[in-house]
Each structure stands twice: as structure tokens, then as C-alpha cells.
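Student: turn this into a model:
(one chain, ligands or ions: 1)
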Amino acid sequence: MDSNKRPDTMERITTLELANRFIDEQIAAIREQVGDKKVLLALSGGVDSSVVAALLIKAVGKQLVCVHVNHGLMRKGESEQVIEVFRNQMDANLIYVDATDRFLNLLAGVSEPEKKRKIIGGEFIKVFDEEASKLEGISFLAQGTIYPDILESDGVKAHHNVGGLPEGMQFELVEPVKLLFKDEVRVVGEALGLPKSMVYRQPFPGPGLGVRCLGAITRDRLHALREADAILREEFELNGLAGKVWQYFIAVPDLKSVGVKDGKRYEGWPAIIRAVNTTDAMTATIEEIPYALLHHITDRITHEVDGINRVVMDLTPKPIGTIEWE
Ligand code: XMP
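Tutor: Numbering: from 1, shown residues only. Here you go, the predicted structure:
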């Protein structure tokens, strides 16, 4: 039997009960596969790797070594949440690597989108590889592969994924959610007790804010983007849009305009709001956001975020615009 093919008889996991059954089965399977050996996992904090981590912690506890690489392009509070949930609450074996300086130094002055992606992807493998080679006795590599990744393995996600397997790493794979669809992974994540904000996290590109801090990334503009994005997310959550809009974020171009602040000339960047709905990310429509809320968000971002002096809204569907700007 092809272990990468979802059996026709496999029931869709939609309830807590079905999720718990799946979890019990997987715990047994993982224990059988892994025995008393060690497993390594790159834990990004995304839905899939978080669910795999939680499953493995249940199955083999400290035999799992999680490595979280903070490339400095995470959204506000994300790396902190990974540490809080996995190290503090689940008592996982978590190695946290703050590689912000390495990434930002390499990216300095690089404005071409494809080059930026390559640098981020390449450096990610390097940092992960370095951490892995410091560890002894690792036999397995766990991955948050899900069924659409297998179905589309030469499709969109392949070129999207940061990292992948470091070259020359010869580990046997542990992929406990590889036959699940995304909605099932979320149900399993909830059953495992992961926070809702993690389980229902919106899609976030591997290169992170790197593809939203348009052009050559600078620390001050990246900081402004992160703060503005946090305000947008907070307001969408407070106003009931978080569950309604598929993906929403801020992009900040490398461009300044003239404004006035406190009676003085104030040059700043514009924050571009992108809020789209889609089912498969191949096409996307623009979500209508109430004007009153847009005014409020504009007010907060322009007053609270240093360096931003305008807020604009991107009304372009996909096609013709892609969801991300880079
Ligand atoms: P585009 O911009 O191509 O994006 O319309 C479609 C969806 O893919 C996400 N995206 C990425 N996801 N790594 C990822 O894992 C990436 O490099 C990447 N680039 C774009 C994007 O956020 C949207 O949901």
C-alpha cells in the first residue's frame, strides 16, 4: 500500500472525538517507529509544525528536540508564543535560535524579491543545519507535511517552502499528519490543547515579513511594518473580522511621502492594507471592510507607529495581483 495515499475509507476528522482517536493511533505509531531514539523538528510556529510538535511531545516527550529559528522576520509576538507554549507550557525540549542579525545583515541592500527569498531560504537551512550538527544521536526528522503538500508536491507550495531538508542530512522521516487536510490538522491541534491563535493562524509565508517589507529591508522599516501589522491584526480580531477574512496583513514599500505631524513636516512610509478572501490562494477576492473601522485603523497606525504617515488599501483581486506583493 502506498503510505502517501489517503485511503478512501479514511473518515474526515471533524470532531473532538475523531481527533482524539487519531491522536491515540498516531501516538502508538510514533512510539513504534521511534522507539527510544531522538527526533528533530524545525518548529516554525505555523499550524502544521506546531501540531506535529504537540503530537510528538505526547508520544515521546523529551526525545523530541524542537528547533525554532527566529529569522527576524516573524510577526509581533510569534517567537515569544512558540517559547511560551512549547517550552513553558508543554515542557518541550526547545532550542531557540535568534538569528535576526544573520538574516538582516545578509539581506541589507538586497531589493530583488527572488534574491531575498533565496537568501532567506538558504540561510534558514544553514542555521538549522548548524543547530542539528551540534546535537548527538538524532535518528529521525519530523515534518509537518500535510496531504495537500503531497498532492501538490510540484505545485505552489514546493517553491514556497523555506528550507526543506538540509543537504546531506540522512534522517528517517516522521510525518504524522501527512494524510490530513488543513481543517483536520486544526481540529487535531485543538484536541491537543494548542491555543486557538496558533491553530487558526492565517497563512504566513516562510520568508515572513521579508516579502512584505518591500525592496531592500531596513530595520526601522521592518519594525514599523511589524507594529502596523500587529495593530491591523488586533483590530480585525476585536471587530470580528479575524474569522471572516482569510488573510490580512500590512506591506510597507520603500517609498516616502510628505506629511504633517505635530505641526511639522513629517516624511514617512505608507502602510498598505491587504485583506483577501480565497479558498485555495490561487484566486482571491477583496473583502469589504467597514469604513469606520478603516478610519480607526488608519488613526491608530499613523499615530502609534513611528515612520508611517499614511495608510492605503490595496483593492486588487488575484488575478491580477498576487496576494503578497513580492
Ligand atoms: P501569492 O502571493 O502567490 O500567495 O498570491 C499565495 C499564498 O501563498 C502564500 N505565500 C507563501 N507561503 N512560503 C509560503 O509558505 C512562501 O514563500 C510564500 N509566498 C507566498 C501567501 O501568503 C498566500 O497565502
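Student: check which residues of the biggest helix by length in the chain are buried.
Tutor: The longest helix of the chain (DSSP state H) is helix 113-134. Applying a neighbour-count criterion of 16 or more other CB atoms under 10 Å, one finds 113, 116-117, 119-121, 123-128, 131-132 buried in helix 113-134. In short, each C-beta sits where N, CA and C put it, glycine included.
Student: domains of this structure?
Tutor: The chain is divided into the following domains under automatic domain parsing: 16-199, 212-313.
Student: any idea of the pLDDT on residue 170?
Tutor: Among the per-residue scores, residue 170 holds a pLDDT of 78.
Student: next, count neighbours for it.
Tutor: 7 (other CB atoms under 10 Å).
Student: just give the nearest non-adjacent residue to residue 207, would you?
Tutor: Among residues not flanking residue 207 along the chain, residue 120 sits closest, at 4.3 Å (CB to CB, 6 or more residues apart in numbering).
Student: with residue 184 instead?
Tutor: Nearest non-adjacent residue to residue 184 (CB to CB, 6+ apart): residue 13, at 4.1 Å.
Student: let me see the contact set for that neighbour.
Tutor: Residue 13 makes contact with 19, 22, 180, 184, 187, 188, according to CB atoms under 8 Å, 6 or more residues apart in numbering.
Student: want to throw the buried residues of helix 113-134 into JSON lines with distance to the ligand?
Tutor: Shown next, in JSON lines, are the buried residues of helix 113-134 (distance: CB to the nearest ligand atom, whole Å):
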{"residue": "113", "distance to the ligand": "10"}
{"residue": "116", "distance to the ligand": "10"}
{"residue": "117", "distance to the ligand": "6"}
{"residue": "119", "distance to the ligand": "12"}
{"residue": "120", "distance to the ligand": "8"}
{"residue": "121", "distance to the ligand": "8"}
{"residue": "123", "distance to the ligand": "14"}
{"residue": "124", "distance to the ligand": "11"}
{"residue": "125", "distance to the ligand": "14"}
{"residue": "126", "distance to the ligand": "17"}
{"residue": "127", "distance to the ligand": "17"}
{"residue": "128", "distance to the ligand": "16"}
{"residue": "131", "distance to the ligand": "21"}
{"residue": "132", "distance to the ligand": "21"}
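Student: using TSV, lay out those together with distance to residue 142 and pLDDT.
Tutor: TSV is the format used below for the buried residues of helix 113-134 (distance: CB to CB, whole Å; pLDDT from 0 to 100):
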residue	distance to residue 142	pLDDT
113	31	98
116	28	98
117	25	98
119	26	98
120	22	98
121	20	96
123	22	97
124	17	96
125	17	94
126	20	96
127	18	97
128	13	96
131	15	96
132	12	94
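Student: dump those residues to JSON lines, plus distance to residue 302.
Tutor: Output for the buried residues of helix 113-134, formatted as JSON lines (distance: CB to CB, whole Å):
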{"residue": "113", "distance to residue 302": "27"}
{"residue": "116", "distance to residue 302": "27"}
{"residue": "117", "distance to residue 302": "30"}
{"residue": "119", "distance to residue 302": "32"}
{"residue": "120", "distance to residue 302": "29"}
{"residue": "121", "distance to residue 302": "34"}
{"residue": "123", "distance to residue 302": "34"}
{"residue": "124", "distance to residue 302": "34"}
{"residue": "125", "distance to residue 302": "39"}
{"residue": "126", "distance to residue 302": "39"}
{"residue": "127", "distance to residue 302": "36"}
{"residue": "128", "distance to residue 302": "38"}
{"residue": "131", "distance to residue 302": "40"}
{"residue": "132", "distance to residue 302": "44"}
